[in-house]
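Undergrad: need a structure here:
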Amino acid sequence: MELQYHPASGRRTVSAVSLGPRGEKLLILLAALATLLSISLWWTTPAVIVRTAREEHFSAATRELAAARVANRELKRRTASFGERELAWGDELSKIAFLYGVSPSRWPRLLDPARGVLAIEDAPRLAEGLQAYLRGLERGRALLAEVEAQSPDLPARTPSIMPISAAISEPAAFFGPRLSPWTGQEEFFCGLDLAAPEGAAVLAPADGRVVFTGRARREAASRLWQFGTLVVIVHGPEAATLFGHLSRIEVRRGDRVRRGQRLGAVGRTGWAVSPRLHYELWKPQEGVWRPTDPLFAILDRRLDGRHRSLEQMLATSAPEPIDRLPGVR
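TA: Below you'll find the predicted structure:
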């Protein structure tokens, strides 16, 4: 076999290459390989293109899915934030209803945390729950406004603020059962202890009349004498408050006080190992004054994250035996 090369220029000579049997076989083999390569490229090139496009599509879908998940988490976070805010409003309204003596039969059932109106993870259903809860809040607000219209002085004489500045105080003991730090035995703690600097001002949580100042006699009260120097205020027929461990008293028995008025100073009298204020809230139940959780009478600061219904607050009180509240008959 002879291969000739004809140059483009006519002045150049024609080149010829002679191939023997081996050369012919080699040439045929090279031509076959080139053909196979062309065929393989015909099939593999589209496959590579498809695979590349598929990978790009998958990457884009993955990014979109990740963005959707982030948006969903943000939606859930914001919805949960709205729900927590509404629950806090419901707590405040329920506390006011408790302090005003509103009957549970008149109070909106939707505001009961146990109903789980806002304990829903599905966003659309939670949105419906938020709207329903808002309607319950509006009904509760309207009911409280009706009670206030019937008794205009009720808001002023309802305990509602911290009896000491929140900026300088810290809860040291809460209402409820505990182990006594003195005896190591189980006991029921009937108030709220607020640790604060000695000499800090103790304030009246509402308008009222001072009915007792000084120290409770040990034989007359089995528990209250432990709190040293006391002040007791009656805020009308609905509530009374007690303040203990005072270093000094700045009011007298029979005085009329206003919300925010200074009553005395934080001290460590009685069984106090460090300066603190002992604060109690008393409510009449079936003709008997009983201590209940003072947190129900603190509306200007949230000291715990618990959500309680009006029924739960009404059922909260110290167990027997109940001490006699000094100055109150």
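Undergrad: ok, Gly199 - contacts?
TA: By CB atoms under 8 Å, 6 or more residues apart in numbering, the contact set of Gly199 is Ser247, Ala265, Val266, Gly267, Pro275. Heads up, the C-betas are built off the backbone N, CA and C, glycines and all.
Undergrad: Please tell me how far it sits from Val257.
TA: Going from Gly199 to Val257 by CB to CB, to the nearest Å gives 20 Å.
Undergrad: In the stretch 51-200 of the chain, what residue spans correspond to helices?
TA: 123-150 (DSSP state H, counting those that start in this stretch).
Undergrad: mind showing which ranges of it have poor pLDDT?
TA: Applying pLDDT under 70 to the stretch 51-200 of the chain flags residues 51-82, 119-123.
Undergrad: Tell me how many other residues surround Arg268.
TA: 15 (other CB atoms under 10 Å).
Undergrad: How much space separates it from Ala172?
TA: Per CB to CB, Arg268 is found 12 Å from Ala172.
Undergrad: which residues do these two both contact?
TA: Contacts common to Arg268 and Ala172, judged by CB under 8 Å, 6+ apart, are Arg276.
Undergrad: Ile322 and Ser180: what is the separation?
TA: Plainly put, Ile322 is 18 Å away from Ser180 if you go by CB to CB.
Undergrad: ok, now Ala195?
TA: Look at Ala195 and Ser180: by CB to CB, they are 18 Å apart.
Undergrad: And for Val266?
TA: 22 Å.
Undergrad: So which of those two has more stuff around it?
TA: Just comparing Val266 and Ser180: by other CB under 10 Å the higher neighbour count belongs to Val266, 27 against 12.
Undergrad: so what's the backbone phi/psi at the residue nearest to the more buried one when sequence neighbours are not counted?
TA: Among residues not flanking Val266 along the chain, Ala200 sits closest, at 4.4 Å (CB to CB, 6 or more residues apart in numbering). Dihedral angles phi and psi of Ala200 (degrees, to the nearest 10) take the values phi -60, psi 150.
Undergrad: who's in contact with Ala200?
TA: Contacts of Ala200 by CB under 8 Å, 6+ apart are Ile164, Ser165, Ile168, Ser169, Ala265, Val266, Pro275, Leu277.
Undergrad: Buried among those? Make that a PyMOL selection.
TA: Buried members of the contacts of Ala200, defined by 16 or more other CB atoms under 10 Å, are picked up in PyMOL with:
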select buried, resi 164+169+265+266+275+277
